[in-house]
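Asks: Need a 3D model of the following:
(chains A and B, ligands or ions: 4)
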Amino acid sequence: MDTQLKFKDIVRAEEHRRQDDLGRFEYSYKAEITSVHPLTEMENLYQIQIIDPEERRNFKFRPGQFLMLELPGIGEAPFSISSSPVMHGTVELCIRKVGNLTNFLAKVGRGTRVGIRGPFGTSFPMEEMHGQNILLIAGGLGLAPLRAPIAYVQENRSRFNNVDIIYGTKDPSQLLFTYQYDMWRKDDINLHIIVEKANKSWKGPVGMITKILEKMFSKRNDPFYKNTYAIVCGPPVMFKFVCNTLTEIGIPMQKMFVSLERRMHCGMGKCCRCNVGSTYTCLKGPVFDYWTVMNLKEAI
Amino acid sequence: MIFRVIDKEELRKLFYILVADNTVIGPVQKGTDRDGNPIYVFEEVFYFKDLKLHYTTTKLPAKRYFLPFKEDLSTFRINGNDWEKSVDYNIDRPYIFFGLHACDINALNKLDKVLIESVYPMPYYAAKRKNMFIIGFDCIPQPYCFCRSMGADTVLHGFDMYITDIGNRYFIEILSDTAYNFIKTINAKEPKESDHVRYMKTVAEKNKKFTAHVDTTDLTKILDMEFQSEVWEYWGEKCLACGTCSMVCPTCYCYGVEENVEIDLRSARKTKHLYSCNLIDFAEVAGGHNFRFERYVRLKYRYYHKHRGFVEAYEESLCVGCGRCGEACLAGITVPEVIASVRGEEK
Ligand SMILES: Cc1cc2nc3c(=O)[nH]c(=O)nc-3n(C[C@H](O)[C@H](O)[C@H](O)COP(=O)(O)OP(=O)(O)OC[C@H]3O[C@@H](n4cnc5c(N)ncnc54)[C@H](O)[C@@H]3O)c2cc1C
Ligand code: SF4
Ligand code: SF4
Ligand code: FES
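Replies: Ligands and ions are numbered 1, 2, ... in the order given. Below is the predicted model of the structure:
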């Protein structure tokens, strides 16, 4: 009898029913940075296109999902896809310079090749919101993940009732995507912007996002709240305040969606770095309804 | 299930048949500790006399063979703005594990659930796991073993054969066809009723030897209720946040990823290294915010993941009760004590 064990090559082992899944784990699409557009001192908008035409056609994502962006040798990190889901295989990422990878990215130009894995995570249930009013609420960099559902709304404007974007930053110099505000308004989206600290040229309101909400709600009525969904993106303190205000006026927690941010090293429920309470932000999130968030330990 | 009995001398024969053509990993002794107790480790074995089948517990699990502390996920050849990526699962041959205890095999079965049977199976682990030929070996409960409380003192699958010392002979349980064929090369017999009786007696005697226990009744709920309990701060005060508990744990799999460019600037690698949720920067994000800054919060999280989150997902705990973490902890923090204190039993 042959007493030497056979080596099982799982990549080729035909009996392994999830062979493709195994290969996908470390597979990255090769993509190219096709443009870099500075938005503020700290944030750039990168347009990134998958190189292979076939892969580009097949790459699909839903608003709210994220991907892992890798610069070989420098690092890999999660970023929300900040563009329309209709643009297959070309994504826009709005990235703030904060560390190793993000600072390095700011230095490389167009033409640089990056790896992308994903898309990962849960998304905003846009279809469920058809026929309803939507409040799109962002604080600071939170406008980056919000830009995908905004694009979805623009492309399907007739399917939604009232649409409001409520956006707040520390000061006017930090406002993102200023060049798009007119287009949003043209698409019958009410845009409310507020800053915490005004400068000389600022003519709009000053204060916190909740100030806008309170003013808005004083003019609307019960039937409005009954048929309203909210998507809230921003730092935990911000969405906690906002969601509590929304709860008080009668929007159910299951109709509010937030996106959580945690440290991530895999995006696939393996490294555990993104754990929140008893779950994984990368698998069961980043998009959670507020009811779930309230019931997760350590979430806010 | 197929059972066989062999005379003790036959095991040596089996070992040499296996080692002739394969790499065999087993428990060997590496000196003694301060108290004069033998220290055991899993290592490649060449001679039967070095294989210490009646070992207590190894300091480290056999983890480095299936979840190495450091391994490359991919390597890159860099060419200007462009690069080529290659992926290797870092295994080139099957390994025979001779003498794993039930707890350590159960640990592998738990890891399989997250690392193979989940949405994104992890090929680096799967490739190694599918190339493990496992011979389990019955153990003697130590004072720190609470595997029985965790339902991990016996193992039902995930191995090829399992050997129990029934005094005069070895009783063997055979699960795989490969194991069946190996057994055919030595003199093995169908067990008689008297062997069955001896086996059951051995098991009953072993069961009497367990001294450490953990009460897992309703534990998921209790952990939720006691989330704000001050006992966590008590243990957090003691904890050194060294991460040793995760390193010695057969079921801890958390990791970090790091990328580096080689000095020649023409190649780069993406490396995974095992991490511990007790280390300070486990949940720290760019910009300096740390979701688990306090030591006690991190310590609590380790228990919460093993005894709450994992149970919610898989209906079993991510702890096999091997007691290694408690034995290795310089602060003397043990699972039975922590759980008892959370349950309000004692401190
Ligand atoms: C779901 C999700 C969506 C995100 N979307 C955006 C976005 O649209 N725009 C944007 O600017 N930032 C976004 N971030 C934050 C972004 O991931 C971090 O800014 C980035 O990881 C920093 O990487 P670095 O290498 O520059 O920092 P370093 O401090 O050098 O970090 C090293 C590594 O730690 C991990 N890490 C550090 N901080 C974070 C963090 N905040 N989140 C996750 N992992 C982290 C990463 O693996 C990173 O590569 C998002 C994070 C998550 C979880
Ligand atoms: S529990 Fe013990 S082994 Fe674990 S980190 Fe704390 S001091 Fe280290
Ligand atoms: S947590 Fe401790 S007792 Fe449980 S499996 Fe890990 S090392 Fe063993
Ligand atoms: S990012 Fe690794 S588990 Fe979620």
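Asks: what's the distance between residue B:132 and ligand 4?
Replies: 24 Å (Cβ to the nearest ligand atom, to the nearest Å). Heads up, the C-betas are built off the backbone N, CA and C, glycines and all.
Asks: for residue B:98, same thing?
Replies: Applying Cβ to the nearest ligand atom to residue B:98 and ligand 4 gives a distance of 34 Å.
Asks: Residue numbers of the stretch 1-150 of chain B in contact with ligand 3?
Replies: Nowhere does the stretch 1-150 of chain B come near ligand 3, counting by Cβ under 6 Å from any ligand atom.
Asks: Now do the helices in the chain.
Replies: Answering for chain A, as no chain was given. Under the criterion DSSP state H, helices of chain A are mapped to A:19-24, A:53-58, A:100-107, A:143-155, A:181-186, A:209-217, A:222-226, A:236-248, A:281-284, A:290-294.
Asks: please go with chain B instead
Replies: B:8-21, B:102-115, B:123-129, B:177-184, B:193-208, B:219-225, B:231-238, B:244-247, B:295-304, B:310-314, B:324-328, B:335-342.
Asks: quick check: domain ranges of the chain?
Replies: Since no chain was named, I'll use chain A. A:27-119, A:127-294 (automatic domain parsing).
Asks: was after chain B, sorry
Replies: B:2-67+B:91-207, B:219-342.
Asks: can you tell me which residues contact residue 147?
Replies: No chain was given, so I picked chain A. Residue A:147 makes contacts with A:82, A:83, A:92, A:94, A:177, as judged by Cβ atoms under 8 Å, 6 or more residues apart in numbering or on different chains.
Asks: was after chain B, sorry
Replies: Taking Cβ under 8 Å, 6+ apart, one finds B:102, B:103, B:106, B:141, B:153, B:320, B:321, B:322 in contact with residue B:147.
Asks: As CSV, those with distance to residue A:73 and pLDDT would be great.
Replies: Listed next are the contacts of residue B:147 as CSV, based on distance: Cβ to Cβ, whole Å; pLDDT from 0 to 100:
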residue, distance to residue A:73, pLDDT
B:102, 43, 96
B:103, 40, 96
B:106, 39, 97
B:141, 49, 94
B:153, 47, 93
B:320, 38, 96
B:321, 42, 95
B:322, 38, 95
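Asks: Quick one: those residues as JSON lines, columns for neighbour count too.
Replies: What follows is the contacts of residue B:147, written out as JSON lines (neighbours: other Cβ atoms under 10 Å in any protein chain shown):
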{"residue": "B:102", "neighbour count": "22"}
{"residue": "B:103", "neighbour count": "27"}
{"residue": "B:106", "neighbour count": "29"}
{"residue": "B:141", "neighbour count": "19"}
{"residue": "B:153", "neighbour count": "22"}
{"residue": "B:320", "neighbour count": "31"}
{"residue": "B:321", "neighbour count": "25"}
{"residue": "B:322", "neighbour count": "30"}
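Asks: out of the helices of chain B, which comes closest to ligand 2?
Replies: helix B:244-247 (3.2 Å; Cβ to the nearest ligand atom).
Asks: The closest one vs ligand 2: in contact?
Replies: Yes - under the criterion of Cβ under 6 Å from any ligand atom, ligand 2 is reached by helix B:244-247 at B:244, B:245.
Asks: list the contacts for residue B:225?
Replies: Per Cβ under 8 Å, 6+ apart, neighbours of residue B:225: none.
Asks: confidence score at it?
Replies: For residue B:225, the pLDDT comes out at 91.
Asks: want to try a markdown table for the domains of chain B, with distance to residue A:273 as columns?
Replies: As requested, those are exported to a markdown table (distance: least, Cβ to Cβ, whole Å):
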| stretch | distance to residue A:273 |
| --- | --- |
| domain B:2-67+B:91-207 | 14 |
| domain B:219-342 | 7 |
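Asks: and of those, who's closest to residue A:293?
Replies: domain B:219-342 (14.0 Å; Cβ to Cβ).
Asks: The spatially most central residue of chain B and residue B:287: what is the separation?
Replies: For chain B, the residue nearest the mean C-alpha position is residue B:250 (2.4 Å; Cα atoms, centre = their mean). Here residue B:250 is placed at a distance of 35 Å from residue B:287 (Cβ to Cβ, to the nearest Å).
Asks: Could you do residue B:58 as well?
Replies: On the measure of Cβ to Cβ, residue B:58 and residue B:287 end up 41 Å apart.
Asks: Near ligand 4, which residues of the stretch 101-250 of chain B? Just list them.
Replies: Taking Cβ under 6 Å from any ligand atom as the criterion, the stretch 101-250 of chain B does not approach ligand 4 at any residue.
Asks: how about the helices of chain B in TSV, adding distance to residue B:31?
Replies: Formatted as TSV, the helices of chain B follow (distance: least, Cβ to Cβ, whole Å):
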stretch	distance to residue B:31
helix B:8-21	23
helix B:102-115	22
helix B:123-129	28
helix B:177-184	32
helix B:193-208	28
helix B:219-225	38
helix B:231-238	29
helix B:244-247	19
helix B:295-304	30
helix B:310-314	35
helix B:324-328	16
helix B:335-342	27
